[in-house]
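> no letters, just coordinates:
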């Protein structure tokens, strides 16, 4: 009788974990698609939702203890890992683009900063007579 209860409990935990993983994957995929379409605009809601989903999943995984990670759960964990990898690539592309734009702006400001007002003072030995 205990074995049946343990099995039912394990099945319930696995079902709950699978649902949490599916939810996290949807949120991550939504964020990835938003980044792909619009860049990093308005990502705050995704960041919060993604964080909450991953924290909930982490807590459930710890509570599940030594649950076997076979079958449906293993497949879903693989899907989650792939979604996180895609998300990471798009986030890095966005960070790289923002960094490049920042460098371009700095170069433009430096090139235009021209009347010497903000230039570093030259040492006395460089000033001629």
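Perfect, thanks for sending it. This one's a predicted model, so the numbers in the text were calculated from it and none came from an experiment.
> quick one: which helix or strand includes the residue nearest the centre of the chain?
The centre of the chain sits closest to residue 88, judged by CA atoms, centre = their mean, with a distance of 5.4 Å. Assigned by DSSP states H and E, residue 88 belongs to helix 71-112.
> tell me what that helix is packed against?
If contacts are counted by 3 or more CB pairs under 8 Å, 6 or more residues apart in numbering; DSSP states H and E, helix 71-112 sits against helix 2-38. Any C-beta I mention is one placed from the backbone N, CA and C, and that applies to glycine too.
> now do the buried residues in the helix it packs on.
Applying a neighbour-count criterion of 16 or more other CB atoms under 10 Å, one finds 13-14, 17-18, 20-21, 24-25, 27-28, 31-32, 34-35 buried in helix 2-38.
> report how many residues lie close to residue 100.
The tally of other residues near residue 100 (other CB atoms under 10 Å) stands at 10.
> show the contacting residues for it.
Shown in contact with residue 100 (CB atoms under 8 Å, 6 or more residues apart in numbering): no residues.
> so it versus residue 94, what's the distance?
From residue 100 across to residue 94, the span is 11 Å (CB to CB, to the nearest Å).
> count of neighbours near residue 76?
20.
> that one - nearest residue in space that isn't next to it in sequence?
Distance criterion CB to CB, 6 or more residues apart in numbering; nearest residue to residue 76, sequence neighbours excluded, is residue 21 at 4.2 Å.
> so residue 41: helix, strand or coil?
coil (DSSP: H, G, I helix; E, B strand; the rest coil).
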